[in-house]
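[1] Pasting the sequence and the predicted model now:
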Amino acid sequence: WLATSFMRYESSQCAVLIANSSLLAPTRRFWHQGLIMSRPHSGLESKAGFFASLFPFRMYRKSFDGTLRANTLFHRIAAEELIGYSLSPDTVILYSRKIRQIALRASINNYQELTPEIIVRDLQERINSEKITQATARLEKSAALLYLADKGKMAMDSGSRDVWRFELAYRDISLMSVGALPKKSKSTSSNKLKAFSDEAFDLLMGNAFNKKSDATRNLLLFIRANLLVGLRPVEWLNTCFINYQHRNALGELLILPDGSTKTSPALEVQNAKHSSIRGNGERRIILLDNLDDVKIQYIHQWIQAINKLKTDDLISLSETEINRKIYGSMQRVMRNLLMKNGSKENIPTIYSTRHQAVANARADGLSQKEIAALFGHSSTNTARRHYGKRTAGYSGRTMRPAPESLQAVRSTIAVRPKAAWAEASPGFG
């Protein structure tokens with residue numbers, strides 16, 4: 001055993017001496033070399049209790065969607081086998097762009113050279129300036145925490161003495177409050193509606209009568225279909241009709257009095273945001289029992305239209321790029337048609353159709369869990385806090401999720417990720 005470096009972690013309740021040897025990397029075994037330098041702690045027999053004693057502030061915090069997030073760098077590294085594994089590729093790209101912007105503001109050419117202190121200072125200055133919205137600040141905090149967690153784990157695995165710098169920066173950013181920031185930006189050119197009224201659709205149909213373009217036709221087909229089921233726009237690329245077979249609690253097919261199997265027309269949707277933490281499964285099933293043949297035909301027409309828009313290169317594109325390529329021209333057409341009628345503010349977007357479908361579900365009295373299952377949310381908090389309001393909804397227009405999709409939804413307060421110390425380590429078992 002070569003020379004072992006020691007670093008002292010100071011907290012309000014205890015001082016911890018942690019042995020950090022490069023010979024132990026890339027494991028996290030040096031955590032278990034911690035020695036409590038103050039009064040004894042009764043929880044040392046359990047690893048979870050041990051770490052709770054090391055870090056006196058809360059180990060986890062509740063995020064906006066109800067899930068529990070690690071408050072400290074060490075807890076996050078222990079809870080995530082691979083840092084950021086629960087994030088979608090689009091989210092990782094977005095976070096990387098935010099980190100590059102920090103580097104540009106600090107006049108650093110290579111963002112990999114950013115130090116924890118620069119990131120903390122940059123974010124604190126932006127929050128103090130009150131020139132960004134709460135949503136932007138939360139986004140930049142998440143990007144910074146991911147970067148610090150990734151770099152902190154690399155430092156830990158290499159046996160670096162600088163791990164404490166990443167941990168302190170992670171804690172400082174976690175504790176930054178954004179509540180005093182404005183909810184909306186004053187520089188926004190127009191407000192985005194979280195509703196899509198019948199009047200808006202009628203207005204589009206009237207203004208589009210003499211505009212015979214493919215983008216206009218596709219726009220109207222999309223709106224008419226998505227107001228019924230409220231899919232994320234990108235999800236239509238991986239959606240198909242199925243003949244759903246109903247089953248009982250034992251998984252047995254339900255048989256009708258005439259001897260036939262009970263079936264329903266349904267849509268099988270591949271969830272665009274599915275992951276081990278954020279999603280409610282890879283797919284969901286929407287029952288279409290409530291629709292008549294005319295409205296089912298509306299959905300058929302749009303699926304046929306979007307299938308013609310599919311190209312081989314879409315596979316390699318991100319969700320944002322797919323939306324821009326397929327729906328960008330449609331959004332421009334809609335904006336132009338509505339502005340032609342004199343509307344310059346509160347113009348709905350393509351995504352407003354999804355908000356309207358959620359509002360319709362609320363107006364129909366669906367439970368929060370049913371709404372989460374119907375629209376592919378992992379938490380019942382998401383629709384309640386970020387989607388269309390019940391007062392904007394129309395009753396009698398809502399579909400129902402299949403039972404298995406309903407069962408896949410997690411409760412409002414998500415279960416805390418299982419920490420690595422909950423099981424015996426190979427080196428200490």
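    Alright, I've got the coordinates.

[2] mind checking the longest helix of this structure?
    In the chain, with assignment by DSSP state H, the single longest helix is helix 134-158.

[3] Using PDB, list the CA coordinates for the following helix or strand past that one.
    Following helix 134-158 in sequence order, the next helix or strand is helix 163-174 (DSSP states H and E). Extracted as PDB, the C-alpha positions of helix 163-174 are listed here (Å, rounded to 0.1, in the frame of the first residue of the first chain):
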ATOM      1  CA  VAL A 163     -13.600  15.300  -5.000                       C
ATOM      2  CA  TRP A 164     -14.500  17.600  -2.200                       C
ATOM      3  CA  ARG A 165     -14.600  20.600  -4.600                       C
ATOM      4  CA  PHE A 166     -17.200  18.900  -6.700                       C
ATOM      5  CA  GLU A 167     -19.200  17.800  -3.600                       C
ATOM      6  CA  LEU A 168     -19.300  21.400  -2.200                       C
ATOM      7  CA  ALA A 169     -20.300  22.800  -5.600                       C
ATOM      8  CA  TYR A 170     -23.000  20.200  -6.000                       C
ATOM      9  CA  ARG A 171     -24.400  21.100  -2.600                       C
ATOM     10  CA  ASP A 172     -24.200  24.800  -3.200                       C
ATOM     11  CA  ILE A 173     -26.200  24.500  -6.500                       C
ATOM     12  CA  SER A 174     -28.700  22.100  -5.000                       C
END
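
[4] Beyond helix 163-174, next helix or strand please.
    That would be, after helix 163-174 and using DSSP H and E, helix 198-207.

[5] Centre of the chain to that next one, how far?
    Helix 198-207 sits 32 Å away from the centroid of its parent chain (C-alpha atoms, centre = their mean, to the nearest Å).

[6] Which residue comes closest to L317 once chain neighbours are left out?
    Residue nearest to L317 in three dimensions, not counting chain neighbours: K325, with 7.0 Å by C-beta to C-beta, 6 or more residues apart in numbering. In this view, the C-beta of every residue, glycine as well, is placed from N, C-alpha and C.

[7] List the buried residues for the helix or strand hosting that neighbour?
    Using DSSP H and E, K325 sits in helix 319-340. By neighbour count with 16 or more other C-beta atoms under 10 Å, helix 319-340 contains the buried residues 319, 321-323, 326-327, 329-331, 333-335, 337-338.

[8] so how far is it from its chain's centroid?
    23 Å.

[9] try stretch 165-173
    23 Å.

[10] Which helix or strand contains the closest residue to T391 other than its chain neighbours?
    Using C-beta to C-beta, 6+ apart and skipping the chain neighbours, the partner closest in space to T391 is A359 (7.8 Å). Assigned by DSSP H and E, A359 belongs to helix 352-363.

[11] and the angle from that helix to helix 319-340?
    Interaxial angle of helix 352-363 relative to helix 319-340 (axes from the mean of the first three to the mean of the last three C-alpha atoms, to 10 degrees): 90 degrees.

[12] Please work out which residues outside whichever strand or helix holds L227 touch it.
    Using DSSP H and E, L227 sits within helix 214-229. Helix 214-229 has contacts (C-beta atoms under 8 Å, 6 or more residues apart in numbering) with 196, 201, 204-205, 208, 233, 236, 267, 286, 291, 295, 298-299, 301-303, 305-306, 309, 327, 329-330, 332-334, 337, 350, 353-354, 356-357, 360, 397, 399.

[13] Can I get the helix holding K325 in PDB? Just the C-alpha atoms.
    C-alpha atoms of helix 319-340 as PDB (Å, rounded to 0.1, in the frame of the first residue of the first chain):
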ATOM      1  CA  GLU A 319     -36.600  14.300 -30.700                       C
ATOM      2  CA  THR A 320     -36.100  18.100 -31.100                       C
ATOM      3  CA  GLU A 321     -34.700  17.700 -34.600                       C
ATOM      4  CA  ILE A 322     -37.600  15.400 -35.600                       C
ATOM      5  CA  ASN A 323     -40.200  17.800 -34.300                       C
ATOM      6  CA  ARG A 324     -38.500  20.700 -36.300                       C
ATOM      7  CA  LYS A 325     -38.300  18.700 -39.500                       C
ATOM      8  CA  ILE A 326     -41.900  17.300 -39.400                       C
ATOM      9  CA  TYR A 327     -43.800  19.900 -37.500                       C
ATOM     10  CA  GLY A 328     -41.800  23.100 -38.100                       C
ATOM     11  CA  SER A 329     -43.600  24.000 -41.400                       C
ATOM     12  CA  MET A 330     -46.900  23.100 -39.900                       C
ATOM     13  CA  GLN A 331     -46.300  25.400 -36.900                       C
ATOM     14  CA  ARG A 332     -45.400  28.300 -39.300                       C
ATOM     15  CA  VAL A 333     -48.500  27.700 -41.300                       C
ATOM     16  CA  MET A 334     -50.700  27.800 -38.200                       C
ATOM     17  CA  ARG A 335     -49.100  31.000 -36.900                       C
ATOM     18  CA  ASN A 336     -49.500  32.700 -40.300                       C
ATOM     19  CA  LEU A 337     -53.100  31.700 -40.700                       C
ATOM     20  CA  LEU A 338     -54.100  32.900 -37.200                       C
ATOM     21  CA  MET A 339     -52.100  36.100 -37.500                       C
ATOM     22  CA  LYS A 340     -53.900  36.700 -40.800                       C
END
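
[14] elements contacting it?
    With contacts taken as 3 or more C-beta pairs under 8 Å, 6 or more residues apart in numbering; DSSP states H and E, helix 319-340 sits against helix 89-105, helix 198-207, helix 214-229.

[15] Just say which of the ones you listed is most tucked in.
    Most buried of these, by mean neighbour count (mean count of other C-beta atoms under 10 Å): helix 214-229, with a mean of 20.

[16] average pLDDT for it?
    Mean per-residue pLDDT for helix 214-229: 94.

[17] Next secondary structure element downstream of that helix?
    Next element after helix 214-229 (DSSP H and E): strand 239-245.

[18] buried stuff in that following strand?
    Neighbour-count burial for strand 239-245, with 16+ other C-beta under 10 Å as criterion, is recorded at 239, 244.
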